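1. make a model of this:
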Amino acid sequence: MLLAKFDGDVVQAIQALKESGPEPNPELLGSADGLLADLGNCRSYCEECRPPLPFPFARATRQVKDVLTILFPEHAGAVNTTTQENELAVSNKAPERFLAMEKVWLGSSGAPRLFNGLWQVSSPSWGSGSAQSQEAALLHAVEHGLTATDMADHYGDAELIYGDFRSKLAPEIRSTTYAATKWCIFSPVPEPITTTFVLNAVRERCRRLRGRVDLLQFHWYDYEDKAYLNVLAELVRITKSHPELVSAIGLCNFDSEHVEESCKYLIAETGSVGIVSNQIQFSLVDARPLRKMTRYFDMILSWGTWKEFQALLESLSTTAHKHGVSLTNVATRWVLQQPAVGAVIVGTRLGISDHVAENLKVFEFELDDSDMYNINRIALGSSRQKVTTLFDKLGDCGNEYRKMH
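-> Here you go, the predicted model:
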């Protein structure tokens, strides 16, 4: 456990280095090469032991190789960034379970309505799983039909984890997976928005995922900078000119006004809407999407009082008991039954804990009119006044994230 934590700490340290945009000088190259050599020596030691020991720093090694590829592309040829691995054995029931899953169509592809969310990989405070335990967790999810995974460019090594995992699947299993990631721009772009600039960003996501991006979700830092409209137009065109790189384009934390602005611009520029989704925060205590679109404790206090929250939990618990499921199943099912919702992303502490069996229960029941009324009465208010109040306090969807940058 301690070695897995150290492995995760190295991953986060290298991620911070990537995001700081350092000057790629000889001193930095020497430090990175030296760290990689030390990790290689540790691997050799583990392999030479009898019996061989599991190598505990696979994630750190992969992350160091990745930063060398990004900062020193001329040096990348000397760094072996992939490993030859045996194909993963998958239960023969996996295709059947995938076919039986509730699905949402995002562009031309169908994906399960429950995504594995890898945002918890972005911080060791959630715990650090080893490369082996993370791979086992992803395999377990796929074998039970949960083949869609959501990640982002800044979620630590999430893309690298998933890219290596997906590449080890047999073609017939790999074809059932759905890789959704994000390209997030948090500050002004220091160069013109050109096809080459956008295409290079798409290719970087594909490189880390070792294959096509099924859904690339775009986040932009400031609506006053209208360059994001040009980026979106280029992304939509790339889905047509380079379908082997990216299949569909979505938005991430856009408010309703700028979703509409984006759609109108794309229709004018490309002849089609082009975007298939908008990933936003939506829950029983944050139903702002119901206002215009058909953290945690702080969100609860913005939604209502602690007493009201306890009343909501009691209502959810009663409903859960009625259907023989968990309280979280009921909360997830409530979101899934909103007409505008295609899928829900469930946080995954990859390689730390496993809730696949419990999560799958959301597809075994539906909330009836009485259930929805009882939940809505507390969560939304008798006249949906809680939605209006929260909207007035926080603004439209995604506004809370832009205030962070």
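2. for the nearest residue to Asn359 once chain neighbours are set aside, list each beta-bridge partner.
-> Spatial nearest neighbour of Asn359, chain neighbours left out: Val346 (5.6 Å); criterion: Cβ to Cβ, 6 or more residues apart in numbering. All C-beta atoms are positioned from the backbone trio N, CA, C, and that covers glycine. Bridge pairing for Val346 (DSSP bridges) gives the partners Asn116.
3. I figured Val346 hits Pro112, correct?
-> No - with contact defined as Cβ atoms under 8 Å, Val346 does not count as touching Pro112 (10.8 Å).
4. could you say which helix or strand holds Ala111?
-> Using DSSP states H and E, Ala111 maps to strand 109-112.
5. contacting residues around that strand?
-> Contact partners of strand 109-112, identified using Cβ atoms under 8 Å, 6 or more residues apart in numbering, comprise 98, 101-104, 145-148, 178, 180, 214-215, 247-248, 343.
6. which of those tops the neighbour count?
-> Compared across those, Ala148 has the highest neighbour count, 30 neighbours, by other Cβ atoms under 10 Å.
7. so what's it bridging to?
-> Tyr178.
8. Leu106 is in contact with that one, correct?
-> No - with contacts defined as Cβ under 8 Å, Ala148 does not count as touching Leu106, sitting 9.2 Å away.
9. what is in contact with those two at once?
-> Tyr178.
10. what about the most far-flung residue of the chain relative to its centre, which SS state?
-> Counting by Cα atoms, centre = their mean, the extreme residue of the chain relative to its mean C-alpha position is Arg50, 39.4 Å from that point. When classified by DSSP: H, G, I helix; E, B strand; the rest coil, Arg50 comes out as coil.
11. just Ala180 next, same as before
-> Classified using three-state DSSP, Ala180 is strand.
12. now do the same for it: its pLDDT.
-> Looking at Ala180, its pLDDT reads 98.
13. ok, it - contacts?
-> By Cβ under 8 Å, 6+ apart, the contact list for Ala180 reads Ala111, Phe115, Ala148, Thr149, Asp150, Met151, Val213, Asp214, Leu215, Leu216, Gln217, Gly250.
14. as a markdown table, those with distance to Glu135 would be great.
-> Listed next are the contacts of Ala180 as a markdown table, based on distance: Cβ to Cβ, whole Å:
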| residue | distance to Glu135 |
| --- | --- |
| Ala111 | 21 |
| Phe115 | 18 |
| Ala148 | 17 |
| Thr149 | 13 |
| Asp150 | 18 |
| Met151 | 15 |
| Val213 | 20 |
| Asp214 | 20 |
| Leu215 | 22 |
| Leu216 | 24 |
| Gln217 | 24 |
| Gly250 | 26 |
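15. just the closest of those to Glu257, please.
-> Nearest to Glu257, judged by Cβ to Cβ, of those is Gly250 at 17.4 Å.
16. tell me, how many residues neighbour the residue nearest to Leu169 when sequence neighbours are not counted?
-> The shortest distance from Leu169 to any non-neighbouring residue, by Cβ to Cβ, 6+ apart, is to Leu88 (5.9 Å). Leu88: 18 surrounding residues under other Cβ under 10 Å.
17. send the alpha carbons of stretch 8-18 over as CSV?
-> Provided in CSV are the C-alpha atoms of stretch 8-18 (Å, rounded to 0.1, in the frame of the first residue of the first chain):
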residue,chain,number,x,y,z
GLY,A,8,0.8,7.7,-7.1
ASP,A,9,2.8,10.6,-5.6
VAL,A,10,5.3,10.4,-8.4
VAL,A,11,2.5,10.4,-11.0
GLN,A,12,1.0,13.6,-9.4
ALA,A,13,4.4,15.3,-9.2
ILE,A,14,5.1,14.6,-12.9
GLN,A,15,1.6,15.8,-13.8
ALA,A,16,2.3,19.1,-12.0
LEU,A,17,5.5,19.4,-14.0
LYS,A,18,3.5,18.9,-17.3
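18. so for that stretch, what gets flagged as buried?
-> Buried residues in stretch 8-18, counting neighbours by 16 or more other Cβ atoms under 10 Å, are found at Gly8, Val10, Val11, Gln12, Ile14, Gln15, Leu17, Lys18.
19. how about the residues you listed in JSON lines, adding pLDDT?
-> Formatted as JSON lines, these follow (pLDDT from 0 to 100):
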{"residue": "Gly8", "pLDDT": "93"}
{"residue": "Val10", "pLDDT": "95"}
{"residue": "Val11", "pLDDT": "95"}
{"residue": "Gln12", "pLDDT": "94"}
{"residue": "Ile14", "pLDDT": "95"}
{"residue": "Gln15", "pLDDT": "94"}
{"residue": "Leu17", "pLDDT": "94"}
{"residue": "Lys18", "pLDDT": "93"}
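20. these in helices, which ones?
-> Gly8, Val10, Val11, Gln12, Ile14, Gln15, Leu17, Lys18 (DSSP state H).
21. how much space separates the closest residue to the fourth one other than its chain neighbours from Ala158?
-> What sits nearest to Gln12 in space, not counting adjacent residues and going by Cβ to Cβ, 6+ apart, is Pro124, at 5.7 Å. As defined by Cβ to Cβ, to the nearest Å, Pro124 lies at a distance of 13 Å from Ala158.
22. who has more neighbours, these two?
-> Higher neighbour count among Pro124 and Ala158: Ala158, with 27 against 19, using other Cβ under 10 Å.
23. these two touch, right, the more buried one and Ser123?
-> No - proximity of Ala158 to Ser123 does not meet the contact threshold set by Cβ under 8 Å, at 11.3 Å.
24. and the strands in the stretch 251-400 of the chain?
-> 275-279, 344-347 (DSSP state E, counting those that start in this stretch).
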